[in-house]
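Colleague: Build me a model:
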Amino acid sequence: MNNKSLRVMLWLVTGIISLFGLVMVVSTTAGSHATDGANYGFIIRQIAALIIGVIGAACLSYFGTVRMRKLWFVSLIMLVTIGMLCAVQVIGLEVNGARRWLDLGPINVQPAELAKLTLIVVLAWQLNHVAEKVRLHWHGVLVPMILFGIAAVLVYMTRDLGSVLVMAGVVWTMLFFAKARWLYVTMVGLGMLPLVAYFAVFDTYYRFMRINAFMNPWDSTNAATYHLQQSFIAIGSGGMHGVGLGQASTFLPEDHTDFIFARICQETGMIGALILIALYFLFVVIGLSIANHTRDRHQRLLAVGATMVIGIQAFWNVMVVVGAVPTKGLTLPFVSYGGTSMVVCMLAVGILDAVISNPIRLEDRLMSQTARLGAITTKRHKRYKTKAA
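Modeller: Residues are numbered from 1 along each chain as shown. From the prediction side, this is the model:
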């Protein structure tokens with residue numbers, strides 16, 4: 001498949017999933033089962049976020065990935081993201097006991113979503129900068145892990161463990177495609193495992209109860225099982241063909257955000273759910289094909305990161321809804337209601353589009369390097385002649 005075909009397929013699959021997401025947001029917020037009556041404010045805000053995301057993706061595609069190679073650009077977005085993650089702890093908007101959003105007047109921004117994209121850009125720059133050292137030296141693996149650790153701590157402080165797990169999966173995948181030595185990655189991972197286990201299970205009481213709910217979802221004495229129970233009921237009642245859009249009747253909390261996949265299963269049935277999963281799988285295949293088509297290491301790492309941040313999050317959300325993993329607050333990319341999530345997902349698509357539409361060939365890089373070396377040599381020669389005169 002050539003670059004043009006990959007680009008068309010990328011936007012086609014993204015468009016289908018996004019439009020289906022808009023339909024489901026309407027169904028879950030204005031359907032017959034909506035607890036607060038029809039509320040079209042949700043879909044208006046979601047459409048606005050989609051438009052902003054598409055414009056941002058178009059800008060990324062137009063300017064290409066050249067700026068993402070610059071240290072000043074990488075440093076700038078890293079400092080801005082860290083600043084926002086720190087600010088949310090002080091002036092953040094608290095919802096359901098968690099400070100995850102910055103109130104910017106007409107919009108609320110979730111810095112943890114932006115941190116995923118920033119981590120991809122920073123790691124792609126760093127792994128490209130060290131090149132073969134990631135396979136030969138410890139610091140080639142330690143530096144990405146330290147960068148991830150900083151981001152993970154700041155995101156975890158917003159009580160968003162789900163995003164930390166997604167970021168961990170993205171880091172692991174990017175290290176794999178950077179050809180890091182498995183011995184280094186495994187030893188660092190094993191060293192971090194006790195900390196991960198503590199913060200994921202025992203740090204807070206509600207996470208411990210979620211683990212218990214995962215182990216025994218039908219325990220009526222554990223309030224944390226209510227989400228899973230309602231999710232199972234919604235999935236089971238959908239059957240093969242579903243009950244129809246807007247016709248669901250179960251009391252499923254967060255059915256327009258984290259648990260929207262359960263509502264999809266109920267309203268469109270197993271057929272609709274499997275088609276959506278197939279579309280996500282196709283998106284990942286297209287993204288990795290884009291990464292495989294470029295011969296530039298930096299662009300390849302950007303494409304892998306942008307692909308996997310969506311693929312891993314989609315996979316994890318589905319696993320949570322069907323009870324295969326403990327409950328974590330993660331949106332379904334392009335589908336769940338959430339402005340920041342939609343914009344970040346579209347920006348990830350913009351990175352993929354920038355890679356496929358602005359390929360940096362190996363020959364171009366060699367010519368550019370040769371030209372720079374020639375300019376430096378000429379400049380030094382002129383200085384030498386000036387001094388000699």
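
Colleague: Which stretches in this structure count as strands?
Modeller: In the chain, the strands defined using DSSP state E lie at 93-95, 98-104, 107-109.

Colleague: Out of those strands, which gets nearest to residue 4?
Modeller: Among the strands of the chain, strand 107-109 comes nearest to residue 4, with 34.8 Å by Cβ to Cβ. Just so you know, the C-beta spots here come from the backbone N, C-alpha and C atoms, and that holds for glycine as well.

Colleague: Among the strands of the chain, which comes closest to residue 312?
Modeller: In terms of Cβ to Cβ, the element of the strands of the chain nearest to residue 312 is strand 98-104, at 19.4 Å.

Colleague: next one: stretch 293-303 to chain centre, how far?
Modeller: 18 Å (Cα atoms, centre = their mean, to the nearest Å).

Colleague: If you could redo that for stretch 61-80, that was the one I meant.
Modeller: With Cα atoms, centre = their mean, you get 18 Å for stretch 61-80.

Colleague: Going by neighbour count, which residues of that stretch are buried?
Modeller: By 16 or more other Cβ atoms under 10 Å, the buried positions in stretch 61-80 come out as 61, 64-65, 68-69, 74, 77-78.

Colleague: Need the CA coordinates for that stretch. CSV is fine.
Modeller: C-alpha atoms of stretch 61-80 as CSV (Å, rounded to 0.1, in the frame of the first residue of the first chain):
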residue,chain,number,x,y,z
SER,A,61,0.3,17.7,9.0
TYR,A,62,1.1,21.0,7.2
PHE,A,63,4.1,21.9,9.3
GLY,A,64,5.4,18.3,9.4
THR,A,65,7.7,16.8,12.0
VAL,A,66,10.7,19.0,11.5
ARG,A,67,10.0,21.2,14.5
MET,A,68,9.6,18.1,16.7
ARG,A,69,13.3,17.4,16.1
LYS,A,70,14.3,20.7,17.7
LEU,A,71,15.4,20.8,21.3
TRP,A,72,13.7,24.1,21.9
PHE,A,73,10.3,22.8,20.7
VAL,A,74,10.6,19.6,22.8
SER,A,75,11.7,21.6,25.9
LEU,A,76,8.8,24.1,25.4
ILE,A,77,6.0,21.5,25.2
MET,A,78,7.5,19.6,28.1
LEU,A,79,7.7,22.6,30.4
VAL,A,80,4.2,23.7,29.4
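
Colleague: of all the buried residues of stretch 61-80, which comes closest to residue 123?
Modeller: Using Cβ to Cβ, residue 74 comes nearest to residue 123 of the buried residues of stretch 61-80, at 9.8 Å.

Colleague: Find the nearest non-adjacent residue to the closest one, please.
Modeller: Closest residue to residue 74 apart from its sequence neighbours, by Cβ to Cβ, 6 or more residues apart in numbering: residue 125 at 4.7 Å.

Colleague: first to last residue in stretch 238-251, what's the distance?
Modeller: 14 Å (Cα to Cα, to the nearest Å).

Colleague: State which helix of the protein is the longest.
Modeller: In the chain, taking DSSP state H as the definition, the longest helix is helix 260-293.

Colleague: So which other helices or strands are in contact with that helix?
Modeller: If you count contacts as 3 or more Cβ pairs under 8 Å, 6 or more residues apart in numbering; DSSP states H and E, helix 260-293 packs onto helix 3-30, helix 226-238, helix 297-321, helix 339-357.

Colleague: do you know which of these lies nearest residue 101?
Modeller: Among the helices and strands packed on helix 260-293, the nearest to residue 101 by Cβ to Cβ is helix 339-357 (8.2 Å).

Colleague: Check the average confidence over the closest one, would you?
Modeller: In this model, helix 339-357 has a mean pLDDT of 94.

Colleague: now it against helix 260-293, angle please.
Modeller: Calculated by axes from the mean of the first three to the mean of the last three Cα atoms, to 10 degrees, helix 339-357 forms an angle of 20 degrees with helix 260-293.

Colleague: quick one on the thing from earlier: residue 327: which of the strands of the chain is closest?
Modeller: Counting by Cβ to Cβ, residue 327 lies closest to strand 98-104 out of the strands of the chain; the figure is 14.0 Å.

Colleague: Check which residues of the closest one are buried.
Modeller: 99-102.

Colleague: List the contacts of stretch 261-281.
Modeller: 13, 16-17, 20, 24, 27-28, 230-231, 234-235, 237-248, 250, 252, 255-256, 310-311, 314-315, 317-318, 321, 332-333, 335 (Cβ atoms under 8 Å, 6 or more residues apart in numbering).
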